[in-house]
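**Student:** For reference, the sequence and a predicted model appear below.
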Amino acid sequence: MIFSPLSATGNYDKDVTSFLEVASSYIEKERDVFHFMATLSNLSAFIYSYFPDLNWAGFYLFDGEKLVLGSFQGEPACIEIKLGRGVCGTAAEKKESIIVSDVSHFPGHIACSSKSRSEIVVPIIKDGGSLFGVIDIDSPLLNRFSEYERHLLEDLAILISKSLI
Ligand code: SME
């Protein structure tokens, strides 16, 4: 099944604006770790409810050496991912978004859930260019993600980056 909406409403720019307006309402203004965890918790729940046909949505955060599981929605997942490993570690190492239409064809894919069939991973880059983490989203459908989701999620990653302490 091919699923790649050019836009949820048919109005691409309107979709991007409304997605980012709602997402930014979940970004806590308090600059402490507790409110930041609350921000990521609400953003993972928002992503999971906004995009249809997902089975996992969340964050992995970079601790200076590896990715560590952050807030998410979906089945329990692996806690640590080394840079360069799996879709997340590759996107993190390259600091580039990766869309995987069929995870079974991605060398070294890390299957946290057997339900995942396609995936998108978008890096979150701090001001100055250093890695903060990634946004990771899985779908039980093949080829679920397109440039539409990549555009929305990259803009969200910039919003998150700007909210960092
Ligand atoms: N599939 C990811 C691992 C994280 S689970 O999807 C939550 C990867 O290959 O990096």
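**Tutor:** Done, it's in.
**Student:** buried set for the lowest-mean-pLDDT helix or strand in the chain?
**Tutor:** In the chain, no helix or strand scores lower on mean pLDDT, DSSP states H and E than helix 12-25, which sits at a mean of 83. Residues 15, 19, 23 are the ones in helix 12-25 that count as buried (16 or more other C-beta atoms under 10 Å). The C-beta positions use only the backbone N, C-alpha and C, and glycine is treated the same way.
**Student:** I'd like those laid out as TSV, including distance to the ligand.
**Tutor:** Formatted as TSV, the buried residues of helix 12-25 follow (distance: C-beta to the nearest ligand atom, whole Å):
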residue	distance to the ligand
15	25
19	22
23	20
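**Student:** Quick check: phi and psi at whichever residue of the chain sits closest to the ligand.
**Tutor:** Proximity of the chain to the ligand (C-beta to the nearest ligand atom) peaks at residue 86, 2.6 Å away. Here is the backbone geometry of residue 86 (degrees, to the nearest 10): phi 60, psi -180.
**Student:** Make sure it is actually in contact with residue 116.
**Tutor:** No. The criterion here is C-beta atoms under 8 Å, and residue 86 misses it with residue 116 at 11.3 Å.
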